[in-house]
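Q: Attaching a predicted model along with its sequence, questions to come.
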2 protein chains.
Amino acid sequence: MQPSSKIRVCTLAALLSLSVAALSSSAHGADAPTRPKTMQELLDASQPADWRTPDPRDTLYMDLDAGRVVIELAPAFAPAHVDNIRTLAQGRFWDGLTLYRSQDNFVVQFGDITEEGGTPRPIGAAKAKLPAEFARPSAGLDMHALPDRDGWAAQTGFAGGFAAARDPATGQAWLAHCYGTVGAGRDMAADSSNGTELYVVIGQSPRQLDRNITVVGRVLQGMEWLSVLPRGTGALGFYDVPAQRAPIRSIRLASDVPTAERTALQVLRTDTPLFDAVVESRRNRRDDWYKQPAGHIDLCNIQVPTRVPPAT
Amino acid sequence: MQPSSKIRVCTLAALLSLSVAALSSSAHGADAPTRPKTMQELLDASQPADWRTPDPRDTLYMDLDAGRVVIELAPAFAPAHVDNIRTLAQGRFWDGLTLYRSQDNFVVQFGDITEEGGTPRPIGAAKAKLPAEFARPSAGLDMHALPDRDGWAAQTGFAGGFAAARDPATGQAWLAHCYGTVGAGRDMAADSSNGTELYVVIGQSPRQLDRNITVVGRVLQGMEWLSVLPRGTGALGFYDVPAQRAPIRSIRLASDVPTAERTALQVLRTDTPLFDAVVESRRNRRDDWYKQPAGHIDLCNIQVPTRVPPAT
């Protein structure tokens, strides 16, 4: 992935030459000069056990006119919010509500805008009040650390597929705000979110939000339906005109959706040697295009690969 | 700027209470508890000398159907490319061409797509071949360093308003890839860009591109016209269907545009004590919403403020 002046010519040629090189080096054995594999080559050689299928109970489908956004919830970090979001989805709380905010290089946000001045939509069996879930004990959390230092946190890595951070000094761990992170909007009080109003990061990782708000999950697929929404011209990207707000057809738990209507999707596991190799292939790009491998990668520059499950 | 469930209520109230607090602390003098100023308070107290007006010779207007994108060129870092881009704009090279690529969380790209297979548009008096301008000597560069460490470079900061990095070990400095950075697409060869094909970063800072491609400037205003373009469904975000490509009405140097049609815009200087204070106000958010100031900021999380020049 690079900005190229003749991308269709050069990239296809480059991909071809890389494939040939990969082929040659395995064909020629130990004598041939070895080149570290690219991410694509690593994924092509992956095994079924390198992938996982998200639990349908932890998967939200947000269906818009443009397409479906697939969100994976993070009960290991925000159990009370995730539980409430499940209840809200089962009560069809969001169906017919809108995406009412899109602020460039920051977030889109959705939920019940009438809460601000009209009659709020009833939340049914969901809880009106939840505890803040900004962080959790790092004990008991299987976090796979990254090799690089991070300025925002003592340590970063992935936990169950989620970009996370932890601090050995406090024994706390938390989810990081990266592109596609989903969180629960709140008011001034730390415990003023209940999961009805959610936001999704559509810009540069706003890591200053980490430990200041409850992160509930991340978008696995369909970011392009959120990121292209026209930016709101009101303060903070709110839409001035109600007609500008994109409608939400429905938000449902995948487990409540008939199997035939579910989105088949697998996610690369983040606790495997293959994932380590993928990260290294992004830390130091070794294809023919890059002249200077960075020798570094930021947590939020790592996009965990997803795929359509291969035919069996 | 925070994701909030009741933003119109709470943020206005919060802003009001902050203004009152700011007022109170200055009214009460040294006895009152002091709170560091927010960015907005700092900007409200700024002086004319804290702002600069970009040179019209270094300013590009990209006029789209949706609106104008204002780009500031960086001749201090890419003199040959900037010179060529000026020549191309004066020859109206891009007028009627298209934005032909939009890859989610990465870049949009524009120029002459027919170069790939049809008859390329003539470049007129511009040069077909330029040297790579990935980096420059840091000597002679007025770079204002940031206090925080960076994983990608030994040191980061701002040079003439641009996010930049430098390495004392090599004596080199270069522009960083942040949201809004504009670069010159290239082929496999380092010196294969000539400025005809440009890209703009619309996602998480792809710092791995630093020192691998020539950065020519950054978007000062109008990112929202680029970031909302539908993502291309072809490989790497290229548009499969020509009709999907957004047309470029014109790209002109501001100096070639009649004064009445220019966009009045000032940019906060990045070499002042005020700018240091602004950065600190973002490193540690001290408003009523943030519970845990980060104590850190990444280069690409700093958006240099711009404004419409105040009436004199």
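A: It's in.
Q: hey, let's count contacts and neighbours off CA atoms from now on
A: Noted.
Q: check contacts around A:Leu130.
A: A:80-81, A:191-194 (C-alpha atoms under 8 Å, 6 or more residues apart in numbering or on different chains).
Q: One more pass at 7 Å, please.
A: Applying C-alpha atoms under 7 Å, 6 or more residues apart in numbering or on different chains to A:Leu130 gives the contacts A:80, A:191, A:193-194.
Q: Over to A:Ser227?
A: With contacts defined as C-alpha under 7 Å, 6+ apart, the neighbours of A:Ser227 are A:202, B:228.
Q: could you measure A:Ala89 against A:Ser193, distance?
A: Shown here: A:Ala89 relative to A:Ser193, a distance of 16 Å by C-alpha to C-alpha, to the nearest Å.
Q: neighbour-wise, which of these two wins?
A: Legend: neighbour count by other C-alpha atoms under 10 Å in any protein chain shown for A:Ala89 and A:Ser193, higher for A:Ser193 (27 against 23).
Q: Isn't that one up against A:Arg186?
A: Yes: using C-alpha atoms under 7 Å, A:Ser193 is in contact with A:Arg186, at 4.5 Å.
Q: and the stretch 101-250 of chain A, which residues reach chain B?
A: A:104, A:116, A:149-152, A:179, A:185-188, A:197, A:199, A:203-205, A:208, A:211-212, A:224, A:227-231, A:236 (C-alpha under 7 Å from any C-alpha of the partner chain).
Q: Off-centre distance for stretch A:160-173?
A: 17 Å (C-alpha atoms, centre = their mean, to the nearest Å).
Q: before we move on, what about stretch A:165-176?
A: That offset, for stretch A:165-176, works out to 19 Å (C-alpha atoms, centre = their mean).
Q: Grab the CA positions of stretch A:155-170 and hand them over as CSV.
A: These are the backbone C-alpha positions of stretch A:155-170, laid out as CSV (Å, rounded to 0.1, in the frame of the first residue of the first chain):
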residue,chain,number,x,y,z
GLN,A,155,3.1,-0.8,27.2
THR,A,156,0.8,-1.6,24.3
GLY,A,157,-0.3,-4.6,22.4
PHE,A,158,-3.3,-6.7,21.5
ALA,A,159,-5.8,-8.4,23.8
GLY,A,160,-8.3,-10.7,22.2
GLY,A,161,-7.8,-8.8,18.9
PHE,A,162,-8.2,-5.3,20.5
ALA,A,163,-5.6,-2.6,20.5
ALA,A,164,-4.8,-2.2,24.2
ALA,A,165,-2.4,-0.7,26.7
ARG,A,166,-1.3,-1.4,30.3
ASP,A,167,0.7,0.1,33.0
PRO,A,168,2.6,-2.2,35.3
ALA,A,169,2.9,0.6,37.9
THR,A,170,-0.9,0.7,38.4
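Q: In that stretch, which residues are buried?
A: Residues of stretch A:155-170 classed as buried: A:155-166 (neighbour count, 16 or more other C-alpha atoms under 10 Å in any protein chain shown).
Q: what are the ranges of the helices in the stretch 1-150 of chain A?
A: A:7-28, A:39-44, A:79-90 (DSSP state H, counting those that start in this stretch).
Q: rank those helices by mean pLDDT and give me the bottom one.
A: Lowest mean pLDDT of the helices of the stretch 1-150 of chain A: helix A:7-28, a mean of 33.
Q: So the spatially closest residue to A:Ser46 that is not a sequence neighbour: helix, strand or coil?
A: Of all residues not flanking A:Ser46 in the chain, A:Leu274 sits nearest, at 7.5 Å (C-alpha to C-alpha, 6 or more residues apart in numbering or on different chains). Following DSSP: H, G, I helix; E, B strand; the rest coil, the label given to A:Leu274 is helix.
Q: Where do the strands of the stretch 51-200 of chain A begin and end?
A: Ranges of strands in the stretch 51-200 of chain A, per DSSP state E, counting those that start in this stretch, are A:51-52, A:59-64, A:68-73, A:98-102, A:107-111, A:136-137, A:143-145, A:155-159, A:162-167, A:172-175, A:181-184, A:198-201.
Q: Does A:Leu60 touch A:Asp256 like I think?
A: No: contact criterion C-alpha under 7 Å: A:Leu60 and A:Asp256 do not qualify, at 9.6 Å.
Q: With neighbour numbers in mind, choose between the two.
A: More neighbours surround A:Leu60 than the other of A:Leu60 and A:Asp256, with 28 against 15 (other C-alpha under 10 Å).
Q: residue ranges with poor pLDDT in chain A?
A: Counting by pLDDT under 70, the low-confidence segments of chain A come to A:1-33, A:115-116.
Q: change it to 90
A: Within chain A, the ranges that satisfy pLDDT under 90 run A:1-36, A:113-119, A:286-287, A:311-312.
Q: Distance-wise, check A:Gln244 relative to B:Trp94.
A: Distance from A:Gln244 to B:Trp94, counting by C-alpha to C-alpha: 31 Å.
Q: higher neighbour count, the two?
A: Higher neighbour count among A:Gln244 and B:Trp94: B:Trp94, with 24 against 18, using other C-alpha under 10 Å.
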